[in-house]
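*Asks:* sequence and predicted structure are below.
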Amino acid sequence: MARAPRYGIFVLSFLIAPPLLVSQQTLPRIAYDVKESVVKIEIHVTHTGDSERVSDQLRRCFEESDYCVIGTGVRINDAGDVLTAAHVARDANVVSQTLRSTGIESEVMVAGAAPNAEYVRRHAESMGGASPASIKAIDPEHDLAVLEPAGGEQAFTSIDDQSRSGRPGAREVKLDLQRPSPGEAIFAFGFPEYSAGLIASTGSITLAVGSTNLVEAKKSGDTDLVPIYRAGLEISPGNSGAMLFRASDGALRGIVSEIVEGREIIATIVPASEIAKVLSKYAIKWDTAPAQAVSTKSKFWHR
């Protein structure tokens, strides 16, 4: 996630099947189903031991394993396409190219429960926890990208697969194209900088109508304004590509692109309606969530 004014922070996850850490309030039950759609964007070094030869800049990210988590993604269709932030896709490719320039072979991977690169190598011909991925579409103006795993959806399992005996997560998100109301309850999944696992944050929409020139767009020389939401979330810098979901049914509200830190942390959200436009532009499949009645209630979860 871009941070104002800093940008491009790496994130990582140390555990094979990391616990779901929750900030603020209890998650709604739907969140545990939605989590099956969430994946990691990683860099895996090809040869065991090469992670010890990385540059000082990357050493902290690789200090526990031969993979480094760059950001978060989410399954967008049954073909296995993964939606993420454009700056996550860009950073992943920059890191991989940097490693290769120093003689360290590496690959950009979409990963669920894969513990490390050695696991991926041993299970390359079977249903595993990760898959090499390439950029299928990228739109810096909206800070959006779609990655295409080499083996489609069957190439990787869910983030937390302990209870599924290796069954691949089959859930794809549905986009909520409705404009939210201020105070609408939401939750987000992501991998903040140096977290021990997937982090879930709860919060609410604070601005439903707005526009800005995103940091990633500025880096590409684009000065156009794009529609955005703002949300109050207990979210950390480095939470790249964190996905924002409606609390009532788990529909995708948008992707966190940037954060502004002050008395409270405010996240800038690229709305699902804009995501849909980008996906349609590149002829990438996506589904719409059922419409819901507009509500201004801010209580996070009703029992």
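*Replies:* Received, thanks.
*Asks:* and the gap between residue 187 and residue 292?
*Replies:* Here the distance between residue 187 and residue 292 works out to 16 Å (C-beta to C-beta, to the nearest Å). Where C-beta positions appear, they are placed from N, C-alpha and C, glycine not excepted.
*Asks:* between the two, which one's more packed in?
*Replies:* Between residue 187 and residue 292, residue 187 has the larger neighbour count (other C-beta atoms under 10 Å), namely 27 against 13.
*Asks:* who does that one form a beta bridge with?
*Replies:* residue 202, residue 245 (DSSP bridges).
*Asks:* how far does stretch 71-81 sit from its chain's centre?
*Replies:* 9 Å (C-alpha atoms, centre = their mean, to the nearest Å).
*Asks:* can you show me the CA trace of it as CSV?
*Replies:* Provided in CSV are the C-alpha atoms of stretch 71-81 (Å, rounded to 0.1, in the frame of the first residue of the first chain):
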residue,chain,number,x,y,z
GLY,A,71,1.5,-7.8,-0.7
THR,A,72,-2.0,-9.2,-0.8
GLY,A,73,-4.3,-10.4,-3.6
VAL,A,74,-7.7,-11.9,-4.0
ARG,A,75,-9.2,-14.5,-6.4
ILE,A,76,-11.5,-12.6,-8.8
ASN,A,77,-12.9,-15.5,-10.9
ASP,A,78,-13.0,-19.2,-11.4
ALA,A,79,-10.0,-19.1,-13.8
GLY,A,80,-7.8,-18.2,-10.8
ASP,A,81,-7.0,-14.6,-11.8
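*Asks:* contacts for stretch 262-270, please.
*Replies:* Stretch 262-270 is contacted from outside by 1, 142-144, 188, 203, 206, 212, 214, 226, 228-235, 242, 244, 253-260, using C-beta atoms under 8 Å, 6 or more residues apart in numbering.
*Asks:* distance between the ends of it?
*Replies:* Here the two ends of stretch 262-270 are set 20 Å apart, with distance taken as C-alpha to C-alpha, to the nearest Å.
*Asks:* likewise stretch 38-55?
*Replies:* Stretch 38-55: ends 29 Å apart by C-alpha to C-alpha.
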